[in-house]
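Participant: After the sequence you'll find the predicted model.
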Amino acid sequence: MSALLQIFGSLKLTVILLSASMVLIFFGTIDQVEYGIWHTQKLYFESFVVAWQYPAVWPAGDQLTWLRIPMFGGYTIGGLMLINLTVAYTRRFSLKAAKLGLYAIHLGLMLLIVSELLTDLLAQESQMTVPENGRANYSQTVRENELVLIDRSHPEHDRVHALPTHLLKPGRTLDIPDTSLRARVINFYPNAQLVRAPEAKSPANRGVAAKMGVTAIPKAPDYSEKAINTATAYIEILEGEASLGTWLLSNVLDERFPAQTVQANDRDFKIALRFQRHYYPFEIELLDFAHDKYPGTEIPFNFSSKIVTHHPDSAKNQQALIYMNHPLRYEGHTFYQASFSPDETATILQVVRNPGWLLPYVSVLLMGLGMSYQFGLHFRKYLKKRNTA
Amino acid sequence: MKKIIYSLAALLVLLILGRYLRSATPDTGYDLNSFAELPVQVGGRIKPLDSVARNTLLVLAARQKVETIDGQTLSPIEWFLDLTLRPERADTHPIFKIAFPDDLGLDGLAQPGKRHYSFTDLRPHFETINQQFREIDPEPKTRDAYQRQIAELNNGLSLYHRVMHSLHPIGGAQRLDQLADEYRSYLSLLQPAMAELRKQQAGEEYDTELVKTFLGFGEDYLRLSQTAHLRVIPPPAPIDPMDDWLNLGDELLNVIQTGQLSPYAMSYASLTMAYRAGDATTFNQTLADLRQRVAADFPDDIGRVHFERLFNGFKPFAIAIDLYILVFLFVCISWLRWPTTLGNAAFWILCLAFVLHTFGLAARMYIQDRPPVTNLYSSAVFVGWGAVLLGAFLEKFHRNGIGAAMAALVGFSTLIIAHHLAMTGDTLEMMRAVLDSNFWLATHVVIITLGYSAMFFAGALAIAFTFLGLLRRKFDKDAARSLCGMVYGITCFAALFSLVGTILGGIWADQSWGRFWGWDPKENGALMIVIMCAITLHARWGGIVRERGIMALAILGNIVTAWSWFGTNLLGVGLHSYGFTDSGFLWMCAFALSQLLCIALALLPLRYWRSEFGRERRV
């Protein structure tokens, strides 16, 4: 046992882990050219193992694509580092002034690893588009999709029943929450192309597909930075055991197309596959959007959105100016100026919910203080030695 | 002996200074300095015509002087005068740099040994060049060397044409000789022509000849407004610094609404006529009047514009480059003979070079009103500055020449890199909105760049260690321990700065878009530097490596830092291109290889180490 502890607490392991992380980060950087940041992050840093493959577009790529380099992913290295640090400090801890800085640095590092994990698991990022003098109460993310049934029978508000697409495995039957309906997944494609082919045999017998002869051809997902995948599904809706029909649903069949509806229990449900939305108990109204450029150029100088929040509890209403490097933190969410519509009449705000957002601040404070302390100590020693020599 | 060496050192320094300070503006009878200081709005700020002349020439000719066909050497502003006021002469100046003229396949163009061609030389080939340009890869990032040359030439010709027409309309010599008269007749035509046009719209009888002449002006000035590159006409006083200036064509069209031509446009016309007539007196008088107007309109900017022109001529970085070479030579000789005297001389020259380097940095900060690092060019200048500061500091304590020599080496290399980065044009450009934060630029960017300085400096010291240990007999255990201590100390310094800088970057990112860490290439590069430092430090503390191992790791740090600084920029993430064809990529690879070679040398078995340190370690 103690031999094992010795290995897990050793500086050798530290150096090995640091080296492994360096290799991981290097390959996790160059592979971003192939897969974009978002997907590479999942492959390399939010995984246990990963293999880098020689890209086909590199010199001699056609002969070398078999070349793969397996390595530990971020979770493995981060986890082992935590163990390494914990064991090392429980075994060798002693309260000495000369080491206080080191403790602070490493405690900060542990906290940083934990906070990165929390961010991976808990943070949500989405975008809210608000037209000038208009309001919005939801944000959406183009990376994730959801299957929704919307009950529009209530005069004041809609009821949205939503299922995230990662549940949509072909052949599965899912209960639609708070209704008597069930959805059977005939097929689901993360990316597809919709074509008009009236003669093709399509599983769909209702809605747009049936009327206009549209079918889906599956495509490989595109992970590059700005790409938006056309998530598409064939969904059969069941009431009890009886089928109400099969619909072709896709996030490109949006508001520009006639709504697809399911009739059940003498109610109409709108059915759709759309970008995942997050609804908020408050609304954001855009009073004014401003976009300044440097004089005589097209280089942007500043974007800003003057907004006001409308909360059911009117004491929480507030006005704010959101601009570069000056987000609004409101009700557990942070709103950043991200972009704007091409005609500059609507602002696009990045909405981030990250319960652990304070952790990195605490951890870097610890590390910064620790390093300054330790460095100061060394530097003083160095100067003293110089002066006495 | 001592006196002789010091005098010799002083003489060499004076020679270098003299070489740069002598080449000031020649006396031609025309007040070139005043002309060079006329303001123009480019890239969001007001700068002197001198900067425009230099940057344009850099882009076209890759140097800041012109050698005319009759053997004269022109300064950038003299060339600019020809270009904008006497274009028929400018067309004969060979200023288009074509590195491989044979590759272009333009019949009769290439002449052996000739790298610069004139507009006149190229005129017969415009059609072909344009044709070739349309056929090459539209995505600049994936072009090969041949395609880049075509694109550069094509864009260069267009830039030349557009800059040429910044101060006068498109037309022949005769038109330019009477430019002020043309404007006056245009202005006098304005009222009657408008009246005739109203008649035409009302369906009444009108003077067709007058309307035709007037519309001819209009079309001509419209074409000019689409061509003219520089915004030389400020809005009427009082002037808001955020207002757009107009180019000459826009101003001439604007007259239709305002009824008044800006006095700036009129003055430029008079300057054109005077210069073409060879009338220096009128030229200088017009210029003096114009200068007075500028001083009245821009009381806050005039000092800065004046300073920028002086700074352009002074070239502190170029002088510093020469001085760094001198320092390095002195130190190398000092290791063979007269160690103290030459060492002292080297130290003081290093200090002088550092002062110049600092002055250049500070001058840029003043001109731009920004912290020191705003783009890749300025980061190169700053990395060198930081390393020289560290080196001078070490040299002051140790006085063994190593600090000075390595400071000179890093200072020299980074300024050379900066010099090449400057070829793309203005290095004092405005910042994109997301980067527009003096606070974060001053903290995060400066600190991370100082981290680069420290990494490169530690790497340079490690290379010095390797060569001294392998070759210099006198290099003993104490010297090795002292040098190793320096590398360790600088690595600690690098670790501190890289970590704090990276952390500040994370906080900035969190403030800007709600993500402390996004794993993007630049962030990853910074993190790799931090990890590299951590590896070196932990390996040392754990006794896993000794002197030579630490040196190998410190040299590896050079590669990691170069990757973080330049390599990540070559990736062009999201564009599906690796920049394999960039010359930057080749340099990056060459650098990495050279460093790997140094690592291999550092790890050579001890029996090849000829120094005393090597012998002692063997037993």
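Facilitator: Structure's in. What do you need? Numbers count the residues shown, from 1 in each chain, chains lettered A, B, ... in the order given.
Participant: Give the burial count for residue B:508, as a bare number.
Facilitator: 21 (other CB atoms under 10 Å in any protein chain shown). Every C-beta, even on glycine, is put in place using the N, C-alpha and C of the backbone.
Participant: who does whichever strand or helix holds it touch, helix- and strand-wise?
Facilitator: Residue B:508 belongs to helix B:477-513 when elements are defined using DSSP states H and E. For helix B:477-513, the packing partners by 3 or more CB pairs under 8 Å, 6 or more residues apart in numbering or on different chains; DSSP states H and E come out as strand A:333-340, helix A:359-388, helix B:376-398, helix B:402-421, helix B:446-471, helix B:521-541, helix B:547-562, helix B:612-618.
Participant: ok, the first one: who's next to it in the sheet?
Facilitator: This points to strand A:333-340. Sheet pairing for strand A:333-340, assigned by DSSP bridges, gives strand A:328-330 (antiparallel), strand A:346-353 (antiparallel).
Participant: Please identify the most buried of those.
Facilitator: strand A:346-353 (a mean of 22; mean count of other CB atoms under 10 Å in any protein chain shown).
Participant: Residue A:240: how many residues sit nearby?
Facilitator: 8.
Participant: which ones are touching the residue nearest to it when sequence neighbours are not counted?
Facilitator: Nearest non-adjacent residue to residue A:240, counting by CB to CB, 6 or more residues apart in numbering or on different chains: residue A:180, 7.5 Å away. Taking CB atoms under 8 Å, 6 or more residues apart in numbering or on different chains, we find residue A:180 in contact with A:239, A:240, A:264, A:265.
Participant: could I have the one helix or strand in chain A whose mean pLDDT sits lowest exported to PDB, CA atoms only?
Facilitator: Lowest on mean pLDDT, DSSP states H and E among the helices and strands of chain A sits helix A:207-212, with a mean of 81. Extracted C-alpha coordinates of helix A:207-212, given in PDB (Å, rounded to 0.1, in the frame of the first residue of the first chain):
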ATOM      1  CA  GLY A 207     -47.300  17.000 -42.300                       C
ATOM      2  CA  VAL A 208     -44.800  18.800 -44.600                       C
ATOM      3  CA  ALA A 209     -43.200  15.600 -45.800                       C
ATOM      4  CA  ALA A 210     -46.400  13.900 -46.900                       C
ATOM      5  CA  LYS A 211     -47.700  17.100 -48.500                       C
ATOM      6  CA  MET A 212     -44.600  18.300 -50.300                       C
END
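Participant: Can you spell out which helices and strands pack onto that helix?
Facilitator: The elements that helix A:207-212 packs onto, with contact taken as 3+ CB pairs under 8 Å, 6+ apart, are strand A:242-250, strand A:260-264.
Participant: Pull up the gap between residue A:151 and chain B, please.
Facilitator: Distance, residue A:151 to chain B, by CB to the nearest CB, to the nearest Å: 33 Å.
Participant: Residue A:319 - how many residues pack around it?
Facilitator: Residue A:319 has 11 nearby residues by other CB under 10 Å.
Participant: Also residue A:229?
Facilitator: 18.
Participant: How about residue A:121?
Facilitator: Residue A:121: 10 neighbours (other CB under 10 Å).
Participant: Any buried residues in the helix or strand where it lies, and which?
Facilitator: Here residue A:121, judged by DSSP H and E, is contained in helix A:100-122. For helix A:100-122, burial by neighbour count (16 or more other CB atoms under 10 Å in any protein chain shown) applies to A:101-113, A:115-120.
Participant: So in chain B, where's the weakest helix or strand by average pLDDT?
Facilitator: helix B:438-440 (a mean of 75).
Participant: residue ranges for the strands of the stretch 101-250 of chain B, please.
Facilitator: With DSSP state E, counting those that start in this stretch as the criterion, the stretch 101-250 of chain B has strands at B:116-118.
Participant: What residues does it have near chain A?
Facilitator: Neighbours of chain A within the stretch 101-250 of chain B, by CB under 8 Å from any CB of the partner chain: B:231, B:241, B:242, B:243, B:244, B:245.
Participant: And for the residue in the stretch 201-350 of chain A positioned nearest to chain B, the neighbour number?
Facilitator: Proximity of the stretch 201-350 of chain A to chain B (CB to the nearest CB) peaks at residue A:294, 2.8 Å away. Per other CB under 10 Å, the neighbour tally for residue A:294 reads 22.
Participant: What is the burial count for the residue lying closest to it once chain neighbours are set aside?
Facilitator: The shortest distance from residue A:294 to any non-neighbouring residue, by CB to CB, 6+ apart, is to residue B:44 (2.8 Å). For residue B:44, the neighbour count with other CB under 10 Å is 18.
Participant: need the contact list for residue B:44.
Facilitator: With CB under 8 Å, 6+ apart, residue B:44 has these contacts: A:293, A:294, A:295, A:296, A:297, A:299, A:301, B:430.
Participant: Also residue A:338?
Facilitator: Residue A:338 neighbours (CB under 8 Å, 6+ apart): A:127, A:348, A:349, A:350, B:513.
Participant: bridging residues for the fourth one?
Facilitator: What it means is residue A:350. residue A:127, residue A:336.
Participant: Tell me how far it lies from residue B:560.
Facilitator: 32 Å (CB to CB, to the nearest Å).
Participant: low pLDDT regions in the chain?
Facilitator: Let's take chain A. Where chain A drops to pLDDT under 70, the residues are A:225, A:389.
Participant: think we crossed wires, I meant chain B
Facilitator: Filtered on pLDDT under 70, chain B yields the residue ranges B:22-26, B:141-142, B:425-426, B:429-438, B:572-582.
Participant: 50 instead, please
Facilitator: Across chain B, residues meeting the criterion (pLDDT under 50) sit at B:574-576.
Participant: okay, now the domains of it?
Facilitator: Annotated domains of chain B cover B:43-164, B:173-300, B:320-430, B:450-619 [automatic domain parsing].
Participant: quick one on the thing from earlier: for the contacts of residue A:180, pick the one with the most neighbours.
Facilitator: residue A:264 (18 neighbours).
Participant: Pull the contacting residues for the closest residue to that one other than its chain neighbours.
Facilitator: What sits nearest to residue A:264 in space, not counting adjacent residues and going by CB to CB, 6+ apart, is residue A:239, at 5.2 Å. By CB under 8 Å, 6+ apart, the contact set of residue A:239 is A:180, A:181, A:182, A:264, A:265.
Participant: burial of residue B:201, as a residue count?
Facilitator: 9.
Participant: And residue A:383, by the same measure?
Facilitator: Based on other CB under 10 Å, the number of other residues close to residue A:383 is 11.
Participant: Kindly report the same for residue B:414.
Facilitator: By the measure other CB under 10 Å, the count of residues near residue B:414 is 27.
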